[in-house]
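**Student:** Take this sequence and fold it.
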Amino acid sequence: MGTPAGTHIPAVSAVHDSAGVAAESAGARPNPEGSGPAARIALAGVHGFGTHHLRNLGRLQAAGAVELVAVADPQPPAPGAVPPSASVYSGLDDLLAATDNLDIVIVATPIQTHAPLALAALATDAELYLEKPPVASLADFNRLCDAAAASGHGVQIGFQSLGSHALTAIAELLAAGTIGNLEGISATGRWVRDRAYYKRSRWAGKRSINGVDVVDGVATNPLAHAVATALRIAGARTVADVASVETELYRANDIESDDTSVIRIRTAAGLAITCALTICATESVEPYVTLHGSAGRAVFHYTEDRLVVETASGKTEQTYGRDDLTENLLEHRNAGTPLLSSLLDSGAFMLVLEAVRTAPLPTLIDPAYVQWEGEGESAHAVVAGIEEALERAGREHATFSELGLPWAVSAPVSFPVPST
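**Tutor:** Okay, here's the model as predicted:
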């Protein structure tokens, strides 16, 4: 079940999967509007993906845009990881009680702590940057939306790919009819994660811990950007933008959650989106979103901000810049700039997460179709023929069982999308 509002969950060190996320923006812009003191920032979670935020905040602090005034984590930060002037607390509650006049609170902690920590942050006068996935259930999402609306503060969700300038280029090529009519979108992700990956924290690979939702599956954490980016390109931002969601979940690893899955979505406008994802590939390849058009296709390699367009006229390739989400949140607070990855605009993604959360347990893939590469904790599972299966699933908008794969003995499960 979802985490009830007000439930206290002890803080735990952040260990989000950060592989494949593009590097921070090359240079920090000056303090937005070029006036006023540096924004006062607090960071909850200084390990795992929190280290990305520490690097980014260091860049922004050097430019005079921010001041990291406090951090919270039950595990002390590494020596030299935070500025000497920053106060260190073991939990966000203590930090907030002791720290006044914060402009932004960044929450980069384990998934199951997002809801209570985000609600605590919204009770202050600060804007909130919340790492992906926003929370671990649709009920928590609705509670968080209500709290955000009541507070009047902005909430940015950490889908970094949504800051890519390539998204504007994609919208323009679709409007121009460069690839003809858009017939469907697919997201393809094939990464490698070893046994040690699932031992990095007590919540890794879990669906829940002591009745508290975690939902650490391939589509909801390591390759969540693939799903979120495909939804954004399709124009599906809010809960109302999604008509249907089907899941077909499998696992090769000894875990609770899924590691090899197909998520099939239909938008309210009738567009098909198929996400074929695994962390049981032969080798890691940068994930991509493909736009299938009647007169060509466009492939967006979102971790690289690289767009490849193929039509009868030939092939073009271009790499774009990216707006930093923390800077965008600063600009929102100071000048009302629209958020690039707002809480409300993650509603469509949260429907996918809820479909995964409420789906039957992932089906164990017959070990006869799983090969283990490497030794000990470095060993990783490889599902037989997975690369071709992912490509076919995306191209044909089919699940693994519909493709007739010998290990795919499950069937797609429809999620009852709530009416809005």
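**Student:** So residue 129: helix, strand or coil?
**Tutor:** Judged by DSSP: H, G, I helix; E, B strand; the rest coil, the three-state class of residue 129 is strand.
**Student:** quick one, what contacts it?
**Tutor:** For residue 129, the contacting residues are 104-107, 155-156, 158, 325-326, 329, taking C-beta atoms under 8 Å, 6 or more residues apart in numbering as the criterion. To be clear about C-beta, it is placed using only N, CA and C from the backbone, and glycine gets the same treatment.
**Student:** what's the closest non-adjacent residue to it?
**Tutor:** The shortest distance from residue 129 to any non-neighbouring residue, by C-beta to C-beta, 6 or more residues apart in numbering, is to residue 106 (4.3 Å).
**Student:** Run a quick neighbour tally on that neighbour.
**Tutor:** Using other C-beta atoms under 10 Å as the criterion, residue 106 is surrounded by 28 other residues.
**Student:** Just grab the bridge partners of it for me.
**Tutor:** Legend: beta-bridge partners of residue 106 under DSSP bridges are residue 43, residue 129.
**Student:** who's in contact with it?
**Tutor:** For residue 106, the contacting residues are 41-45, 53, 57, 128-129, 131, 326, by C-beta under 8 Å, 6+ apart.
**Student:** ok, now residue 410?
**Tutor:** 248-250, 363, 400-401.
**Student:** how far away is it from residue 133?
**Tutor:** Distance of residue 410 to residue 133, given as C-beta to C-beta, to the nearest Å: 23 Å.
**Student:** same check, this time on residue 249
**Tutor:** Note on residue 249: its distance to residue 133, by C-beta to C-beta, is 16 Å.
**Student:** more crowded one of those two?
**Tutor:** Taking other C-beta under 10 Å, residue 249 and residue 133 do not tie; residue 133 has more neighbours (28 against 25).
**Student:** Enumerate the positions of the helix or strand hosting residue 171 that are buried.
**Tutor:** Per DSSP states H and E: residue 171 is located in helix 166-175. Taking 16 or more other C-beta atoms under 10 Å as the basis for neighbour counts, the residues of helix 166-175 that come out buried are 166-167, 169-170, 173-174.
**Student:** Could you do stretch 284-297 as well?
**Tutor:** In stretch 284-297, counting by 16+ other C-beta under 10 Å, buried: 285, 287-293, 296-297.
**Student:** What are the boundaries of the helices in the stretch 201-350 of the chain?
**Tutor:** Secondary structure of the stretch 201-350 of the chain (DSSP state H, counting those that start in this stretch): helices at 224-233, 325-335, 347-358.
**Student:** looking just at contacts, which helices and strands does the shortest one meet?
**Tutor:** When you say that, I think you mean helix 224-233. helix 166-175, strand 182-192, strand 272-278, strand 280-293, helix 347-358 (3 or more C-beta pairs under 8 Å, 6 or more residues apart in numbering; DSSP states H and E).
**Student:** again, 10 Å this time
**Tutor:** helix 166-175, strand 182-192, strand 260-267, strand 272-278, strand 280-293, strand 296-301, helix 347-358 (3 or more C-beta pairs under 10 Å, 6 or more residues apart in numbering; DSSP states H and E).
**Student:** Just the closest of the buried residues of helix 166-175 to residue 209, please.
**Tutor:** The closest of the buried residues of helix 166-175 to residue 209 turns out to be residue 167 (C-beta to C-beta; 35.0 Å).
**Student:** my read: that closest one touches residue 233, true?
**Tutor:** Yes. Using C-beta atoms under 10 Å, residue 167 makes contact with residue 233 at a distance of 6.9 Å.
**Student:** what do those two both touch?
**Tutor:** Counting by C-beta atoms under 10 Å, 6 or more residues apart in numbering, the contacts common to residue 167 and residue 233 are 300, 302.
**Student:** How about the contacts made by the nearest residue to residue 228 once chain neighbours are set aside?
**Tutor:** Closest residue to residue 228 apart from its sequence neighbours, by C-beta to C-beta, 6+ apart: residue 159 at 4.5 Å. Residue 159 sits next to 21, 131-134, 224-225, 227-229, 231-232, 302, 325, 340-341, 345-346, 349 when contact means C-beta under 10 Å, 6+ apart.
**Student:** sorry, back to before: out of the contacts of residue 129, which one sits closest to residue 122?
**Tutor:** Using C-beta to C-beta, residue 155 comes nearest to residue 122 of the contacts of residue 129, at 7.5 Å.
**Student:** Below-threshold pLDDT in the stretch 51-200 of the chain: ranges please.
**Tutor:** Per-residue confidence for the stretch 51-200 of the chain (pLDDT under 70) gives no ranges below the cut-off.
**Student:** what about the helices in it?
**Tutor:** 92-98, 114-122, 138-151, 166-175.
**Student:** can the ones you listed go into CSV with extra columns for distance to residue 393?
**Tutor:** Supplementary listing: those in CSV, determined by distance: least, C-beta to C-beta, whole Å:
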stretch, distance to residue 393
helix 92-98, 40
helix 114-122, 30
helix 138-151, 25
helix 166-175, 22
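**Student:** Give me whichever of the ones you listed is most buried.
**Tutor:** With neighbours taken as mean count of other C-beta atoms under 10 Å, the helices of the stretch 51-200 of the chain reach their highest mean count in helix 114-122, at a mean of 25.
**Student:** That one - contacts with which helices or strands?
**Tutor:** In this structure, helix 114-122 makes packing contacts with strand 39-44, helix 92-98, strand 104-107, strand 127-130, helix 138-151, strand 155-157, strand 212-213, judged by 3+ C-beta pairs under 10 Å, 6+ apart.
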